[in-house]
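K.L.:
give me coordinates for this.
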Amino acid sequence: MEKLKQFLHRKNVVISAQRYFIDAMSAMAQGLFASLLIGTIIKTAGEQFDLAMLVEIGKYAQSMSGPAMACAIGYALSAPPLVLFSLITVGHTANALGGTGGPLAVLLIAIVAAELGKIVSKETKVDILVTPLVTIICGVGLSYLIAAPIGSAADSVGTLICWATEQAPFLMGVVIAVVMGMALTLPISSAAICHALGLTGLAGGAAVAGCCAQMIGFAAMSYKENGVGGLVSQGLGTSMLQMGNIIKNPRIWIAPTLASAITGPLATCVFRMQMNGAAIASGMGTCGLVGQIGVYTGWLNDIAAGTKAAITGLDWLGMLLICFVLPAVLSIIFCQIERKLGWIKEDDLKLQ
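P.N.:
Next up, the predicted model:
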C-alpha cells in the first residue's frame, strides 16, 4: 500500500474532492466558456449584424465544446502533453454520446482517462504510443459504456428542475437563485452545473437572478472598501473574490444571499424572465455580461421559434431590475442592517 501511495504521488495522482470536483469542474467551465459560450456570442452577433462569417466562426467554436472541456480538465489535473492532447478525442466522444447531459459525462470520463494516462506516462520506452493508446482507448471505451446513461440522468434531473419551476415558480425561484448564486461564489462552477443540467427557461432565469445578486450585491455593498476597482472586478468578474473574507466572517454572505432569495421569485413570478440561450449562461451572472447576453439570445431564439412575438419594454425592465438594480439596492440595505448590528465591521469586505 505504501508503494502504491508513493507511485501515485510521483505521478501526481491526487484522489480528492478538491482536485476532481472543484479544480476540474472550474477548469471545465473555462473550456465551455472558450468554446460553446464564446461561440454562441459570436454567432449571435453575426446573426444580428448579418455577418455570415461570424455565424460560421461561432458554429465552429460551439462544435469544439467537448474537446475544450476535456483539455481544460486535463490541464487542471496537470496532465502531461501526450495525455492532454489525447483527451481531445475523449472529450469529443463523451460529449457526443452524452447528449444534452454531455458535460457531466465529459467531466467524469475525462478525469478517469487523464489519471490513467498520467499513470502510464513515461513508464515505457514507447511512451509516444502507449500513453495516447491508454488515454484514448480507456476514455472512448468508457464513453461507449457510461456516457449515454450519465447524460440521460443529468438531462432528467435538469428537466425535473425546469418542470418543478414551472409548477412552483415562487418556491423554486427562491431555491434555484440561492443555490446557484452561492455556487457561483464558492470555488466551484455554477456555469458548469447549469450547462450539465441544461437549466433554461424559468429555472435558467432564476439561476441568472441568483448569480447576479451575488456579483452585483458584493460589488455594491463593498464599494466603500474597494472603490471602482472592486466594483468592476466583482460586478463584471466574479464574487469568488470575496471567498477569503467569507471564511473569516461568514455573515458578509447574508446580504447578497437574501437579495437572491428576493430577486429569484421576482424573476420567475413577476417578470417571467427566461434564459433560453446557452444553458451555461444561466450560471454566469454578470460576468462579462454573459448572463444578460444569454437572456437576450433566448429572446431571439423564442421569436425565431414563434413562441414569442417580440422583445417588450417589460422584458428590458425585468432584466435591468433583476440583474442590476435590485441586487445592488437590496444588498446595500441588508449590509447596512448588518453593520448596525455589528455583524459586519470595517474592512470585512476589503479585497486583498
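K.L.:
can you get me a residue count around residue 145?
P.N.:
12 (other CB atoms under 10 Å). All C-beta atoms are positioned from the backbone trio N, CA, C, and that covers glycine.
K.L.:
give me the pLDDT for it.
P.N.:
Looking at residue 145, its pLDDT is 96.
K.L.:
am I right that it sits in a helix?
P.N.:
Yes. Assessed with DSSP: H, G, I helix; E, B strand; the rest coil, residue 145 lies in a helix.
K.L.:
OK, contacts around it?
P.N.:
Taking CB atoms under 8 Å, 6 or more residues apart in numbering, we find residue 145 in contact with no residue.
K.L.:
and it, how far is that from residue 93?
P.N.:
11 Å (CB to CB, to the nearest Å).
K.L.:
what does residue 51 give?
P.N.:
32 Å.
K.L.:
one more: residue 249?
P.N.:
In terms of CB to CB, residue 249 sits 46 Å off from residue 93.
K.L.:
over to residue 281?
P.N.:
From residue 281 to residue 93 the distance is 25 Å (CB to CB).
K.L.:
please say which of those two ends up with more neighbours.
P.N.:
In terms of neighbours (other CB under 10 Å), residue 281 is the more surrounded of residue 281 and residue 93; the figures are 35 against 26.
K.L.:
do you know the pLDDT at the nearest residue to the more buried one once chain neighbours are set aside?
P.N.:
Once flanking residues are discounted, residue 281 sits nearest to residue 294: 2.6 Å by CB to CB, 6 or more residues apart in numbering. Per-residue pLDDT puts residue 294 at 89.
K.L.:
distance of residue 294 relative to residue 197?
P.N.:
Taken as CB to CB, the span from residue 294 to residue 197 is 15 Å.
K.L.:
equivalent analysis for residue 243, please.
P.N.:
For residue 243, the distance to residue 197 - CB to CB - is 23 Å.
K.L.:
of the two, who's got more company?
P.N.:
Taking neighbours as other CB under 10 Å, residue 243 and residue 197 compare with residue 197 leading, 27 against 14.
K.L.:
contacts only, for the more buried one.
P.N.:
101, 154, 157, 158, 161, 279.
K.L.:
and for residue 349?
P.N.:
Here residue 349 is in contact with 218, 221, 222, 224, 225, 226, 242, 245, 252 (criterion: CB under 8 Å, 6+ apart).
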